[in-house]
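>>> Please work out how this folds:
(2 chains, ligands or ions: 2)
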Amino acid sequence: MILSLEHIYKDYVQDKLVVPVLKDINLSVEEGEYVAIMGPSGSGKTTLMNIIGCLDHPTSGEYILDGKSVLGLKDNALSDVRLNSIGFVFQTFQLMPRETALENVSLPLSYAGVKKSEKKERAMKALERVGLKERALFKPTQLSGGQKQRVAIARAMINNPKILLADEPTGALDQKSGEQIMKLFRKLNEEGVTIIMITHDPGIAKNAKKIYYIIDGVISEDEEQARTTAEALEKESAIDDDFLIDEEPSEESSDEKEVTKDEKS
Amino acid sequence: MFENIRMSFKGIWSHKMRSFLTMLGIIIGIAAIIAIVSTIKGTNEQIKENLIGSGNNTVKIQLNQGDYEYEIDDYSGIPDGVTQISDATMTKIGKIDKVVSASRYLRRTDYNGYVYYLNNSLSGGSVTGVDKNYFETLNYVLREGRGFSESDYDNYNKVAVLDEDSVETLFPGEDPVGKTIEINKEPFVVIGIVTSGTTFEPTITSEEDYYTYYEETAGNVYIPSSDWPIVFQFDEPENLVIQVESTDDMTSVGKAAADILNAAISPADDTISYKAEDLLEQAKEIQQLSESTNNMLIWIAGISLLVGGIGVMNIMLVTVTERTMEIGLKKAIGAKKNKILGQFLTEAVVLTSLGGIIGVICGIALAEIISKAADMPVAISGPAAVGAVAFSMVIGIVFGMMPSYKAANLDPIEALRRE
Ligand SMILES: Nc1ncnc2c1ncn2[C@@H]1O[C@H](COP(=O)(O)OP(=O)(O)OP(=O)(O)O)[C@@H](O)[C@H]1O
Ligand SMILES: [Mg+2]
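Ligands and ions are numbered 1, 2, ... in the order given. I've put the predicted structure just below:
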């Protein structure tokens, strides 16, 4: 098992109002797995991805990555985890607009303290891996969307992380480019990379070996089950809301609040 | 580090206009400081040069009575206990470190109309009795005729050498060589004319003298020191002039020589003693005067630097906001806080250093323009230029710190969510 999330909750506080976004997420991913996470907009997919990617802290729960708990780690240690163990791919590519493809790809190597000569060589290899060797000196503005995403994938893979996290990697691409990206993901997965991918598109999700559904912050392999659990929790919180009509809850109602909090933690 | 610098230049280049305007405050401040410092240095060097005479590193040790140069008066004669400078004393002085040569001389100011050629008087000038080293020690060169020879001293020949001023006074429009002048009623034949190797003989002893040194003096008439008793009847006290290796040795050698001379005399009047002219000290006093006014200007230029620094801080904050996504991404892919801090700090420092370098160049150009337009002396100071660039780097660090710190602490999630 390469990573496991246990009872992960994430709340956002807005105007003194607690908004639960992730509710009791339990998710284990084996090494070499290829997982897709689907769900409607606003259901908490990106929030979950940020927690898996060690960018965000859950409100409660436990997260074991590669056998180690990561939630207690300091900023610099988390940077190292992201640098060495995780590759990120985003919907909007996030390339440095003024740098060439090669420079973009080699960016993580400068943070890993790799020597200059080796940097170029490794970045070149990574570009070759995504089939863009001859575009090495192109700037992002001179590349198509699909090519940009392949540069981003090369950057994500340059430190040979075990896990690749992709948030809507095909969301900004046409079908053909999207399929190319999927082909690349399959290849990487065959080489042993664990992939966790978020998508809206069932056609894209089909590429994964396993599909999870998130609905209103509830995750399940079964879409129906996720929906019914989410609806049940929704009703429960509606009852909570009755008790929380006053901004400052009175002594009596605070007991009820304690109960719901206990459930969560 | 190198990578950061490369990226900084890229960033600055991609916003040429904005970067230039940001640097302008620094450029103006640094340019002003360099121009001011250059004029201060130029003025100071000129003061020093005028006062001391460049390359003519001579220091005079004169017998003083109280605060003034001792002048013999014919009624009271030689002061008790003051003998002439002996050869033994001269040997001692010759052994002082950094002494190139030393010469004894006697001098009387011509208040009394000692010197005449026909009806022309040297009134206001002076008569100087010199030994064989004198012209050499003061770097005087012969312009016409000859100097004093051994036999002139041995045979008490009544010969005289004039300087250019005394030629002007006594022989306007005439060639003096071969003519006979009268010194205290004794006839002397003019054998040569000397000119100072530098622009003038440094006879300045006060600030007032410095300002009046351009005024014409009646000039000097030189005679062999062996003739002195024939003309003036007294073996009166001598003064000393020493050439030293460099300007900076003048003060120390002057003091050492004065000590030796004072040890050799035992004047009854204890206000009489040898004193070295400290021209260096006087130069410093005048220099300080001009510096204190210019220091005010430097403060004003400093305010321009402060404003420039705030401009840099402002633009760096804009840059950080503009590049929120970039910062978020970099942090997401594993950049530590220090890396981000370093990147933005480098950018601020590159920006201000570039401003500093351009400022130094503009400052030098400005100084040259001032020197041409206002006819003021300027001297470019290397250390000031290096210091200015270093200071502009410090400005970059100080004013870049806050924006860089802000960038380093940006939350990557929020940064990435921003579209
Ligand atoms: N910083 C925040 N403060 C408050 N609420 C937030 C914050 N970030 C996200 N949320 C809320 O959390 C919920 C989940 O957001 P998230 O971005 O995870 O959704 P998503 O499933 O990725 O949606 P999409 O498919 O549109 O990307 C949303 O309702 C959003 O409004
Ligand atoms: Mg999302």
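
>>> List of residues touching stretch A:75-82?
With C-beta atoms under 8 Å, 6 or more residues apart in numbering or on different chains as the test, stretch A:75-82 has contacts from A:53-55, A:65, A:70, A:73, A:88, A:111, B:331-337. From N, CA and C alone the C-beta is placed, and that goes for glycine too.

>>> do stretch A:43-56 as well
With C-beta under 8 Å, 6+ apart as the criterion, stretch A:43-56 contacts A:3, A:5, A:8, A:10, A:21-22, A:25, A:37, A:39, A:57-58, A:63, A:65, A:70, A:73, A:78, A:81-82, A:86, A:88, A:165, A:167, A:196, A:198, A:214-217, A:219, B:332, B:412-413, B:416-417.

>>> and that stretch with ligand 1, contact?
Yes. Using C-beta under 6 Å from any ligand atom, stretch A:43-56 reaches ligand 1 at A:43-47.

>>> related to what we said a few turns ago, farthest-apart pair in the contacts of stretch A:75-82, please.
A:Leu65 and B:Lys337 (21.0 Å; C-beta to C-beta).

>>> okay, these two: which has more neighbours?
With neighbours defined as other C-beta atoms under 10 Å in any protein chain shown, A:Leu65 and B:Lys337 compare such that A:Leu65 has more, 22 against 16.

>>> in the sheet, who's paired with the more buried one?
In this entry, A:Leu65 is beta-bridged to A:Leu3, A:Lys68, by DSSP bridges.

>>> where's it relative to A:Ile2, distance?
As judged by C-beta to C-beta, to the nearest Å, A:Leu65 and A:Ile2 stand 7 Å apart.

>>> What segments of the stretch 51-200 of chain B are helices?
For the stretch 51-200 of chain B, helices defined by DSSP state H, counting those that start in this stretch occupy the ranges B:87-94, B:134-137, B:150-154, B:164-170.

>>> for chain A, same thing?
A:45-52, A:75-85, A:101-111, A:116-129, A:145-157, A:175-190, A:202-205, A:223-243, A:251-264 (DSSP state H).

>>> Could you dump these into CSV and include mean pLDDT?
Below are these laid out as CSV (pLDDT from 0 to 100):
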stretch, mean pLDDT
helix A:45-52, 94
helix A:75-85, 93
helix A:101-111, 93
helix A:116-129, 92
helix A:145-157, 94
helix A:175-190, 93
helix A:202-205, 92
helix A:223-243, 78
helix A:251-264, 45
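
>>> Could you work out the end-to-end span of stretch B:182-189 for me?
9 Å (C-alpha to C-alpha, to the nearest Å).

>>> And the average pLDDT for that stretch is what?
For stretch B:182-189, the mean per-residue pLDDT is 91.

>>> Report how many residues lie close to B:Ser151.
9.

>>> From what I see, it and B:Lys132 are in contact.
No. In this structure, B:Ser151 is not within contact of B:Lys132 by C-beta atoms under 8 Å, at 11.7 Å.

>>> now the helices of the stretch 51-200 of chain B as TSV including distance to chain A and mean pLDDT?
Below are those laid out as TSV (distance: least, C-beta to the nearest C-beta, whole Å; pLDDT from 0 to 100):
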stretch	distance to chain A	mean pLDDT
helix B:87-94	65	89
helix B:134-137	65	88
helix B:150-154	78	92
helix B:164-170	71	88
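
>>> a markdown table please, covering those and showing distance to ligand 1.
Listed next are the helices of the stretch 51-200 of chain B as a markdown table, based on distance: least, C-beta to the nearest ligand atom, whole Å:
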| stretch | distance to ligand 1 |
| --- | --- |
| helix B:87-94 | 88 |
| helix B:134-137 | 88 |
| helix B:150-154 | 104 |
| helix B:164-170 | 91 |
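
>>> So for B:Phe200, what pLDDT did the model give?
44.

>>> Oh, that last question was meant for A:Gly217, not what I typed.
92.

>>> that older thread, need the helices of chain A in TSV (columns: distance to B:Phe20 and mean neighbour count).
Converted to TSV, these look like this (distance: least, C-beta to C-beta, whole Å; neighbours: other C-beta atoms under 10 Å in any protein chain shown):
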stretch	distance to B:Phe20	mean neighbour count
helix A:45-52	40	23
helix A:75-85	35	17
helix A:101-111	25	23
helix A:116-129	31	17
helix A:145-157	32	24
helix A:175-190	41	17
helix A:202-205	48	16
helix A:223-243	57	14
helix A:251-264	56	11
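
>>> Would you format the ones you listed as TSV with distance to B:Gly302 included?
TSV is the format used below for the helices of chain A (distance: least, C-beta to C-beta, whole Å):
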stretch	distance to B:Gly302
helix A:45-52	48
helix A:75-85	38
helix A:101-111	38
helix A:116-129	40
helix A:145-157	46
helix A:175-190	57
helix A:202-205	62
helix A:223-243	62
helix A:251-264	59
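
>>> With B:Ser123 as the reference, name the closest of those helices.
Closest among the helices of chain A, using C-beta to C-beta: helix A:116-129, at 83.5 Å.

>>> What is that closest one packed up against?
Applying 3 or more C-beta pairs under 8 Å, 6 or more residues apart in numbering or on different chains; DSSP states H and E, one finds that helix A:116-129 makes contact with helix A:101-111, helix A:145-157.

>>> got the residues of the stretch 151-265 of chain A near chain B?
A:155-156, A:159 (C-beta under 8 Å from any C-beta of the partner chain).

>>> what are the ranges of the strands in chain B?
Counting by DSSP state E, chain B has strands at residues B:58-65, B:68-69, B:99-109, B:115-117, B:120-121, B:126-130, B:140-145, B:159-163, B:180-183, B:186-196, B:220-224, B:239-244, B:272-276.

>>> Would you single out the least confident of those strands?
Mean pLDDT, when computed for each of the strands of chain B, is lowest for strand B:68-69, at a mean of 80.

>>> partners of that one in the sheet?
Partners of strand B:68-69 in its sheet, by DSSP bridges: strand B:58-65 (antiparallel).

>>> Would you quantify the distance from B:Lys337 to chain A?
6 Å (C-beta to the nearest C-beta, to the nearest Å).

>>> for chain B, what helix or strand is lowest in average pLDDT?
In chain B, no helix or strand scores lower on mean pLDDT, DSSP states H and E than helix B:207-212, which sits at a mean of 48.

>>> how far off strand B:58-65 does the lengthiest helix in chain B point, in degrees?
The single longest helix within chain B, with elements called by DSSP H, is helix B:279-322. If you take axes from the mean of the first three to the mean of the last three C-alpha atoms, to 10 degrees, helix B:279-322 sits at 130 degrees to strand B:58-65.

>>> which helices and strands sit right next to helix B:279-322?
By 3+ C-beta pairs under 8 Å, 6+ apart, helix B:279-322 packs against helix B:16-52, helix B:207-212, helix B:250-264, helix B:337-373, helix B:382-408.
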